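# Compute the structure for the input listed below.
(chains A and B)
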Amino acid sequence: MSQWLPIADIAAKVQAGELKATDLVEQSLKTIEEKKEYNAIIATTAERARQRAAAIDKAVQDGEQLGRLAGVPFIAKDNFLVFGAETTAASNILKGFDAPYQSTVIERLEAEGAICVAKANLDAFAHGISTENSDFMTTKNPHDMTRVPGGSSGGSAAATVLDMAPFTIGSDTGGSIRQPSSFVGCVGYKPTYGLTSRSGVVPMISSTDTMGPLTRTVADNAWVFDVFAGQDPLDSTTISRDPAGYIDAATDLTGKKVGLITEYMGEGVHPEVQTRIREAAEKLTAAGADVREISIPSLPLALAAYYIICPAEISSNLSRHDGQRYGHSAPDATNLEESYAKARGTGFGREAKRRIMIGTYVLSSGYYDAYYRKAQLVRTKVIAEFAKAFEDVDFLIGPAAPTPAFKIGETGDDPLQAYLADIMTVAVSLAGVPAIVVPAGTTTDNLPVGLQIIAPQRKDRDLFGFAAGTEAIL
Amino acid sequence: MTELTREDVLKLARLARLDLTDEEVEAYRKQLSDVLQYVAQLDQVDTAGLEPTTQVTGLKNVMREDQVIDYGVSPEDLLRLAPQSQDGLIKVKRMIG
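Just a heads-up that it's a prediction; the model follows:
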């Protein structure tokens, strides 16, 4: 049972003077302190949060009309630029980085009265599936401290389930909101590409980076998402929001055409994950949805394409960390060239360096066509197959990960094994379509399994409605 | 079959401006070879007649007015982040000599 009311109710009660923002912030900070041993939080923004809460309580007293998130505390993944604490992206190379401006997502949440109380752990630069690639610490799964919470938004996901705040914010580039949501049992949203501003978020893959909320319910998720979705002059890849918004969408399941993705239910998928997903499909059928199996043959190829496009864009994006303008530096270097290589060599963690190296290879002269261009062509194929599937169905469903949460240390230092775990999420990212994960029960070991629901591009509103309907019957 | 040599890895590290330890060089040689071998399956995919995807939502040439907007960030705010600065400039190591 959560200590937090539905988010819309919290904001309404703060506005009505029935709840105080200062109390909500203290409640959140207290929970963060009590559950410190889960390593979900890198730093709190306590001082700034308390100031903002006091200002909001005063504004209520003065009779001012506040926003839709008035006084609601939240936690941001530490790759979002936020005032009040360092923004490290869980990397040593950004340690000490004090953001000179805030990300658009945070600005929009604050404009509606939300209060950031802390920064959540992640795999450094969002490269990973477990938070084990964080340069600082590994977050523990709230259901079993010997297991990972998933990643890269593992800190945000764990913090949500640990009830540290009414909502958390994450980023999803290849599954980084969906997979941890499945591992901890919360609702995680990955929007249509372009619907959320990338401005002020430490970039990973610029052509797939999206931002979304992690919450306890679909209604909470839509309520938060509605605040920050839409065009941003600071990110020219953003698209306009649905004029109808994202809350109160129709939840009716009757007659909805749903495709269970064959490729996500085969070999290598944990039997209990398959069982929970099949049960969800049966419940949808019982509720009047028209569920069938549907094949998207290129999905396994999408993973290979992703692991070219991903390191390629990462190597470009991480070139800015040069030890000259901000972050970790190499003061003992004797010349400029050496100061780059030393700062980067000692500042980046193992996985970041690995991806920079692969990216440099696939983009280098003589290999570009064979790798990067080929991956972009396969990406076109994946997009076409999604489009074809959506001619027959309204939504696609499947798991968000092939297994429940795995043990800390289980994947060792084998990058390929870790990359293969992304198979259920990366195709959605390459296609730029929206997807949501809703809890679909647990395994016999009491580990959560999430149902991933995928919709066509820009059908985010319909997806929120369908997900709310599905949540009600699971 | 892509099996990288130690020299390949060192060349990549130089291109990427990454100082690596000997241990890292050997680990990455093996791991990069594995990953490249895995992604090589794309060679078999028929992509004839397809155009490469660089942008998924169909946006093209998003224009805006070229105007100065004050976001409240001063040059001093940015210089404060630099490891070394002098006279309002970021100070870097000597480039020549």
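# Could you count how many residues lie near residue A:221?
Using other CB atoms under 10 Å in any protein chain shown, residue A:221 has 30 other residues around it. C-beta: built from backbone N, CA, C; applies to glycine.
# quick one: average confidence on the helix or strand hosting it?
Using DSSP states H and E, the element containing residue A:221 is helix A:218-228. Averaged across helix A:218-228, the pLDDT comes to 98.
# Name the residues that touch it?
Helix A:218-228 is contacted from outside by A:6-8, A:67-69, A:74, A:104-105, A:108-109, A:112, A:114, A:166-167, A:169, A:187-189, A:191, A:196-197, A:211-215, A:245-247, A:249, A:436, A:438, A:460, A:464, A:467-468, A:471, using CB atoms under 8 Å, 6 or more residues apart in numbering or on different chains.
# Can I take it that residue B:25 is in a helix?
Yes - looking at residue B:25 with DSSP: H, G, I helix; E, B strand; the rest coil, it is inside a helix.
# Nearest residue to the middle of the chain?
No chain was given, so I picked chain A. Nearest residue to the geometric centre of chain A (CA atoms, centre = their mean): residue A:177, 2.7 Å.
# My question was about chain B, not that one.
Of all residues in chain B, the one closest to the mean position by CA atoms, centre = their mean is residue B:16, 7.3 Å from it.
# Model confidence score at it, please.
Note for residue B:16: predicted pLDDT of 97.
# That one against residue A:314, yeah?
No - between residue B:16 and residue A:314 there is no contact under CB atoms under 8 Å: 10.8 Å.
# Touching both of these two, which residues are there?
Counting by CB under 8 Å, 6+ apart, the shared contacts of residue B:16 and residue A:314 are residue A:356.
# ok now do residue A:82, which residues does it touch?
Residues in contact with residue A:82 (CB under 8 Å, 6+ apart) are A:45, A:76, A:99, A:102-103, A:106, A:116, A:119.
# Kindly report the same for residue B:18.
By CB under 8 Å, 6+ apart, residue B:18 lies in contact with A:341, A:344-345, A:348, A:353, A:356-357.
# Recalculate using a threshold of 7 Å.
A:341, A:344-345, A:353, A:356 (CB atoms under 7 Å, 6 or more residues apart in numbering or on different chains).
# List just the nearest of the residues you listed to residue A:303.
Distance to residue A:303 across those (CB to CB) is lowest for residue A:356, with 20.0 Å.
# Which strand or helix spans the closest one?
Here residue A:356 is assigned to helix A:350-363, by DSSP H and E.
# Go ahead and name everything in contact with that helix.
By CB under 7 Å, 6+ apart, helix A:350-363 touches A:91, A:124-125, A:127-128, A:133, A:308, A:311-312, A:314-315, A:318, A:367, A:371-372, A:415, B:12-13, B:15-16, B:18, B:28, B:31-32, B:35.
# Out of the contacts of residue A:82, list just those in helices.
residue A:106 (DSSP state H).
# Out of the contacts of residue A:82, which two sit at the greatest distance?
Greatest spatial distance among the contacts of residue A:82 (CB to CB): A:45 and A:103, at 13.6 Å.
# neighbour-wise, which of the two wins?
Between residue A:45 and residue A:103, counted using other CB under 10 Å, the more crowded position is residue A:103 (28 against 23).
# that older thread, can you list phi and psi of the residue nearest to the centre of chain A for me?
Dihedral pair for residue A:177: phi -100, psi -40, per degrees, to the nearest 10.
# Contact partners for it?
Residues near residue A:177 by CB under 7 Å, 6+ apart: A:153, A:170, A:188-190, A:212, A:214.
# Below-threshold pLDDT in chain B: ranges please.
B:1, B:97 (pLDDT under 70).
# Without its sequence neighbours, what residue ends up closest to the residue of the stretch 201-350 of chain A found nearest chain B?
Closest contact between the stretch 201-350 of chain A and chain B, by CB to the nearest CB, is at residue A:345 (3.0 Å). Among residues not flanking residue A:345 along the chain, residue B:19 sits closest, at 3.0 Å (CB to CB, 6 or more residues apart in numbering or on different chains).
# Could you count how many residues lie near the one you found?
Residue B:19: 18 surrounding residues under other CB under 10 Å.
# Residue A:258: helix or strand, and which one exactly?
strand A:257-261.
# Flag every buried residue along that strand.
Buried residues in strand A:257-261, counted by 16 or more other CB atoms under 10 Å in any protein chain shown: A:258-261.
# What of stretch B:35-49?
So for stretch B:35-49, counting by 16+ other CB under 10 Å, buried means B:35-36, B:38-39, B:42, B:45, B:47.
# Which ones among the contacts of helix A:350-363 lie within strands?
Using DSSP state E, no member of these falls in strands.
# Just the buried ones from those residues, in ChimeraX syntax?
Buried residues among the contacts of helix A:350-363 (16+ other CB under 10 Å), as a ChimeraX selection:
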select /A:91,124,125,127,128,133,308,311,312,314,315,318,371,372,415 /B:12,13,15,16,18,28,31,32,35
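# residue boundaries of the strands in chain B?
B:85-86, B:89-90.
# Determine how far the first one lies from the middle of the whole chain.
Right, the one you point to is strand B:85-86. Its chain's C-alpha centre lies 26 Å from the corresponding centre of strand B:85-86 when counted by CA atoms, centre = their mean, to the nearest Å.
# ok, is that strand in contact with chain A or not?
No - applying CB under 7 Å from any CB of the partner chain, one finds strand B:85-86 separated from chain A by no less than 9.5 Å.
# got it, and the last one?
Yes - using CB under 7 Å from any CB, strand B:89-90 reaches chain A at residue B:90.
# rewinding a little: got the buried residues of strand A:257-261 as CSV, with distance to residue A:35 columns?
CSV is the format used below for the buried residues of strand A:257-261 (distance: CB to CB, whole Å):
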residue, distance to residue A:35
A:258, 37
A:259, 39
A:260, 36
A:261, 36
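# Any figure for the gap between residue A:166 and residue A:8?
10 Å (CB to CB, to the nearest Å).
# Tell me which stretches of the stretch 251-400 of chain A form strands.
For the stretch 251-400 of chain A, the strands defined by DSSP state E, counting those that start in this stretch cover A:257-261, A:290-294, A:395-399.
# how about the ones you listed in JSON lines, adding distance to residue A:328?
Converted to JSON lines, these look like this (distance: least, CB to CB, whole Å):
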{"stretch": "strand A:257-261", "distance to residue A:328": "42"}
{"stretch": "strand A:290-294", "distance to residue A:328": "48"}
{"stretch": "strand A:395-399", "distance to residue A:328": "38"}
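# Contacts only, for the residue nearest to the centre of chain B.
Neighbours of residue B:16 in contact, by CB under 7 Å, 6+ apart: A:315, A:356-357, A:360.
# Kindly report the same for residue A:90.
Neighbour list for residue A:90: A:42, A:78, A:121-124, A:134-136 [criterion: CB under 7 Å, 6+ apart].
# what about 8 Å?
Neighbour list for residue A:90: A:42, A:78-79, A:121-125, A:131, A:133-136 [criterion: CB under 8 Å, 6+ apart].
# returning to what we had before: out of the contacts of residue B:18, which one sits closest to residue B:71?
So of these, ranked by how close each gets to residue B:71 (CB to CB), first place is residue A:344, at 28.3 Å.
# from what I can see that closest one touches residue A:323, true?
Yes - counting by CB under 8 Å, residue A:344 does reach residue A:323; the two are 6.7 Å apart.
# Without its sequence neighbours, what residue ends up closest to residue A:317?
In space, and not counting its chain neighbours, residue A:317 is closest to residue A:203: 4.5 Å by CB to CB, 6+ apart.
# and the one you found, how far is that from residue A:156?
Taking CB to CB, one finds residue A:203 at 18 Å from residue A:156.
# These two: which is more packed in?
Neighbours were counted for residue A:203 and for residue A:156 using other CB under 10 Å; residue A:156 has more, 40 against 20.
# interface residues of the stretch 201-350 of chain A facing chain B?
A:207, A:233, A:236-237, A:239, A:298, A:301, A:304-305, A:307-308, A:315, A:319, A:322-327, A:329, A:331, A:333-342, A:344-346, A:348, A:350 (CB under 8 Å from any CB of the partner chain).
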